[in-house]
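Asks: turn this into a model:
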Amino acid sequence: GVISKISPASGQQGTLVTIEGSNLFGGGSSLQSVQLADAEATIISQNNTYIIVSGGVNGNKTGDVVLTANTGAITKRLQAFEYIELGSVISVSPSSGQLGTVVDIRGVKLYNGGSAITSVLLAGISAQIVNETSTWIRAIASYSMNATSNSDVTVVADTGAFLIVPGAFSYL
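Replies: Take a look at the predicted model:
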């Protein structure tokens, strides 16, 4: 097989990556695995010419894209994907609230290699994004039927890459 295009060619955990080419199954009927720079990616969709994967966990590293077919055949493109530095959340304020609470999330590289934030989850519940930059997000908490304590805050970028802040928000 031949890999002709990888888009985007850089990303992070959760980044949706499209791999295009010919005979990507290498004579097989499906892919068994996809590696992006030595990290196992999750296969979302596949056919012999077009594959969509979600980036795995890896640090700042550039490496090969390796497709392994169900027959064991390997299709490879050298030095074709780069994991970029993960963003980070510095603070979530306030750390608790209810319907209508304005929550500020501050951090570094919150876009995770993308250009926008597509969703913010407070304790697993989608919040309304009011404003966002790569260093600051303002969101409004939605209604929660149940009180929660020390639940995760998740920030998802338009690339599919995400940041999870464990125990950062509680619904009252």
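Asks: go ahead and confirm Pro94 touches Thr101.
Replies: Yes - counting by Cβ atoms under 8 Å, Pro94 touches Thr101, with 6.8 Å between them. For the C-beta atoms, the positions are set from N, CA and C on the backbone; glycine is no exception.
Asks: with neighbour numbers in mind, choose between these two.
Replies: Using other Cβ atoms under 10 Å, the more surrounded residue of Pro94 and Thr101 is Thr101, with 17 against 12.
Asks: which non-adjacent residue is nearest the more buried one?
Replies: Closest residue to Thr101 apart from its sequence neighbours, by Cβ to Cβ, 6 or more residues apart in numbering: Ala141 at 4.3 Å.
Asks: swap in Gly97?
Replies: Nearest residue to Gly97, sequence neighbours excluded (Cβ to Cβ, 6+ apart): Ala141, at 5.0 Å.
Asks: equivalent analysis for Ser119, please.
Replies: Distances taken as Cβ to Cβ, 6+ apart place Val156 nearest to Ser119, at 4.5 Å, with adjacent residues excluded.
Asks: dig out what Ala157 forms beta bridges with.
Replies: Ile117 (DSSP bridges).
Asks: partner strands of the helix or strand hosting Ser91, parallel or antiparallel?
Replies: Taking DSSP states H and E as the definition, Ser91 sits inside strand 88-93. Paired strands of strand 88-93, with direction, are strand 102-108 (antiparallel) (DSSP bridges).
Asks: now the strand it pairs with: buried residues?
Replies: With burial defined by 16 or more other Cβ atoms under 10 Å, the residues of strand 102-108 counted as buried are Val103, Ile105, Gly107.
Asks: gap between it and the chain center?
Replies: Relative to its parent chain, strand 102-108 has a centroid offset of 19 Å by Cα atoms, centre = their mean, to the nearest Å.
Asks: can you list the strands that the lowest-mean-pLDDT helix or strand in the chain pairs with?
Replies: The helix or strand of the chain with the lowest confidence, counting by mean pLDDT, DSSP states H and E, is strand 10-11 at a mean of 92. In the sheet, strand 10-11 lines up against strand 74-83 (parallel) (DSSP bridges).
Asks: what's in contact with the least confident helix or strand of the chain?
Replies: By Cβ atoms under 8 Å, 6 or more residues apart in numbering, the surrounding residues in contact with strand 10-11 are Val17, Gly55, Phe81, Glu82, Tyr83, Ile84, Asn112, Gly113, Thr159, Ala161.
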